[in-house]
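Give me coordinates for this.
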Amino acid sequence: MSLPAFVAAARWTHEPQAAELDGTTFRVTAVEGSDAWRTTSYGFVHDSEHALLQPVDGAFSIEVSFVLDYAEQFDQAGVFLRVDERTWIKAGVEFSDGQPQVGAVVTHGVSDWSVAPVPEWVERTVTVRASRDGDAVTIRAWADGEEPRLVRVAPLAPDAVVAAGLFCAAPTRSGLTVTFTGYRVGEPDAALH
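Below is the predicted model of the structure:
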């Protein structure tokens, strides 16, 4: 499915400030304070991310591509898989501690977070891939011209009904606009390694 076809068919978890489809480019402007997190360490629940999702059955992979041209604390974009308000996975690039970090938040009642710095990805197109098969979701990410790198292997119940798509959020500022350039759903990865 192309990015324009996906945008026409999918639904927002929370409406962004603005969303504009221009050919095969989709620009989304986040609302200040938007985020997805449950409890761990911070003690709050944020369920206000801008995730554009559609149901996806069985085993699948989803890829979301975007331009990494944002640089404010906690700006984030990537792929989102949602079962319900207490069970979801977001993975992508979040600007944290002065640099972009590739990572994932996996939430089963409470959230956890893993990150790794990727300063070399600034101003490049980044692709994040989530592959669901059996009881796992495998997250990979890469910038244009690079090979995919493993980010995370996370549990997800095999019978969980999932909606998946792209997301962005701006927990601490106004004015974040993410330029999404690609979307693809396909077969799950054949192997972990």
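
gap between the nearest residue to residue 49 once chain neighbours are set aside and residue 144?
Nearest in space to residue 49, with sequence neighbours left out and distances taken as Cβ to Cβ, 6 or more residues apart in numbering, is residue 36 at 4.0 Å. (Each C-beta comes from the backbone N, C-alpha and C, glycine too.) Residue 36 sits 26 Å away from residue 144, going by Cβ to Cβ, to the nearest Å.

Give me the phi and psi for residue 6.
For residue 6, the backbone dihedrals (degrees, to the nearest 10) come out as phi -60, psi -50.

Tell me who's in contact with the residue nearest to it when sequence neighbours are not counted.
Leaving aside its sequence neighbours, residue 6 sits nearest to residue 183 (Cβ to Cβ, 6+ apart; 4.8 Å). With contact set as Cβ atoms under 8 Å, 6 or more residues apart in numbering, residue 183 has these partners: 1, 2, 3, 6, 62, 63, 64, 65, 165, 166.

Residue 36 and residue 144: who's more crowded?
Legend: neighbour count by other Cβ atoms under 10 Å for residue 36 and residue 144, higher for residue 36 (26 against 12).
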